[in-house]
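[1] okay, here's the prediction I keep looking at, along with the sequence it came from:
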Amino acid sequence: MAKKTDKVIVTCALTGAIHTPSLTPSLPVTPDDIARQAIDAAEAGASILHLHARDPETGMPTGDPDVFMQFLPRIKQATDAVVNITTGGGLTMTVEERLAAATRARPEMCSLNMGSMNFGIFPLAWQDRDWKHEWEKPYLLASDDFIFRNTFKDIAKILGYMGDQGTKFECECYDVGHLYNLAHFLDRGLIKPPLFVQTIFGILGGIGPEQDNLVFMRRTADRLFGDAYVWSVLGAGRHQLPLTTLAATMGGHVRVGLEDNIYAAKGKLARDNAELVTKIRTILEELSLTIATPAETRQILELKGMDNVGF
Ligand code: KMH
Ligand code: ZN
């Protein structure tokens, strides 16, 4: 069984690299947008903020540490939420580019993608629309020939660089094999418990969003990691709320936000990230579940604390 906790950790993933500005005006793009929405999401109940950056002019995902540094100190000053920096980056970045911001910022947490895979976001470009920026449609369409690279060597490198800084990992597992990859690194002693396992459903190229799959991933993680892991769930698109709700009823933690889903309801775009956090928070409270504070999250995940980061 996953490590038992009596509080639910809510992660908010604010902007990511899947959606593009023309898909929703709510997507935070500039450092100011990202800081403001991150602070609002933390106030709404998110105790972990999963962060990517975008070029402020074009909205294209960027790994530039200078852009991250324009919003990280603001977020740290205004909230006590845990900052989690992506090492998955965006479709056009090398592994080195993906690592640059996390290496500079030495955050309490960073993401770690547990295997190479197809990562198809091209269907997002199939609907006719007025594109705000030239890069958006080709970026999405090119994902039909894209491999999201996370070789064993890449994973070992990220574990080494970031583990040396005391950074803990959001281990992103998009399919059952990724859980076994993580078990391999645990066996080698390259990652230490408690593991934070983010099981992901509904990305084209990963496991689908059916409830059976969620139970299967959970059972497999239980078998591989016992109580050495903390289990969280992310459902892509319209599966975000149903799957996070299901996970919470099974003792899991949840991830929401515009990185993974841009809708608040069928046909209704979310106003901002805080709206998605508020929605899951309301559901959790109706289920008599209590969300974890940032301090409780730090205790559950054994984080190094916000005084030990590089921003
Ligand atoms: N957008 C998520 C499905 C990362 O930042 O490392 C995957 C993600 C990757 O969060
Ligand atoms: Zn991400």
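    All right, it came through fine. Ligands and ions are numbered 1, 2, ... in the order given.
[2] whatever residue of the stretch 151-300 of the chain ends up closest to ligand 2 and ligand 1: what is the separation?
    Ranked by Cβ to the ion, the top residue of the stretch 151-300 of the chain for proximity to ligand 2 is E259, at 5.3 Å. All C-beta spots, glycine's among them, are computed from the backbone N, C-alpha and C. Using Cβ to the nearest ligand atom, to the nearest Å, we find E259 at a distance of 5 Å from ligand 1.
[3] can you tell me the SS state at that residue?
    Assigned by DSSP: H, G, I helix; E, B strand; the rest coil, the conformation of E259 is coil.
[4] for it, which non-adjacent residue is closest in space?
    Once flanking residues are discounted, E259 sits nearest to G16: 2.8 Å by Cβ to Cβ, 6 or more residues apart in numbering.
[5] the one you found belongs to a helix, doesn't it?
    No. Under three-state DSSP, G16 falls outside any helix and is assigned coil.
[6] that one: how many residues sit nearby?
    By other Cβ atoms under 10 Å, the residues close to G16 number 20.
[7] contact partners for it?
    By Cβ atoms under 8 Å, 6 or more residues apart in numbering, the residues touching G16 are 52, 61, 86, 257-260.
[8] same check on F169?
    109-112, 159, 162, 191, 195-196.
[9] for it, which three-state class applies?
    strand.
[10] I'd say H19 and E136 touch.
    No. H19 is not in contact with E136 according to Cβ atoms under 8 Å; the separation is 9.7 Å.
[11] surely A42 touches Q77?
    No. A42 sits out of contact with Q77 when judged by Cβ under 8 Å, with a separation of 11.8 Å.
[12] who has more neighbours, these two?
    A42 (24 against 9).
[13] so the more buried one is in which element?
    helix 31-44 (DSSP states H and E).
[14] secondary structure class for V233?
    Once three-state DSSP is applied, V233 turns out strand.
[15] what about it, how many residues nearby?
    25.
[16] tell me what it is bridged to.
    As for beta bridges, V233 partners with T199, V254 under DSSP bridges.
[17] quick check: pLDDT value at it.
    On pLDDT, V233 comes in at 98.
[18] ditto for T5
    For T5, pLDDT reads 88.
[19] so which strand or helix has the residue lying closest to it once chain neighbours are set aside?
    Counting by Cβ to Cβ, 6+ apart, T5 lies nearest to I300, which is 5.2 Å off, once chain neighbours are set aside. Following DSSP H and E, one finds I300 within helix 294-301.
[20] tilt between that helix and helix 31-44?
    80 degrees (axes from the mean of the first three to the mean of the last three Cα atoms, to 10 degrees).
[21] use 23 as the first number from now on
    Fine by me, first position is 23 from now on; the one you just mentioned is helix 316-323.
[22] what about the closest residue to N330 other than its chain neighbours, helix or strand, and which?
    Among residues not flanking N330 along the chain, G188 sits closest, at 6.3 Å (Cβ to Cβ, 6+ apart). Here G188 is covered by no helix or strand, with elements defined by DSSP H and E.
[23] where does the prediction get shaky in the stretch 123-272 of the chain?
    Applying pLDDT under 70 to the stretch 123-272 of the chain flags no residue at all.
[24] check contacts around the closest residue to ligand 2 within the chain.
    In the chain, the residue that lies nearest ligand 2 is T108 (4.3 Å; Cβ to the ion). Shown in contact with T108 (Cβ under 8 Å, 6+ apart): 38-39, 72-74, 120, 123-124, 132-133.
[25] and those as JSON lines, adding distance to F207?
    Formatted as JSON lines, these follow (distance: Cβ to Cβ, whole Å):
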{"residue": "G38", "distance to F207": "24"}
{"residue": "A39", "distance to F207": "24"}
{"residue": "H72", "distance to F207": "21"}
{"residue": "L73", "distance to F207": "24"}
{"residue": "H74", "distance to F207": "24"}
{"residue": "R120", "distance to F207": "18"}
{"residue": "A123", "distance to F207": "22"}
{"residue": "A124", "distance to F207": "17"}
{"residue": "C132", "distance to F207": "15"}
{"residue": "S133", "distance to F207": "15"}
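[26] which ones among those residues come in contact with ligand 2?
    G38 (Cβ under 5 Å from the ion).
[27] quick one, what contacts the residue nearest to T27?
    25, 27, 29, 31, 216, 252, 314.
[28] no more questions from me, cheers.
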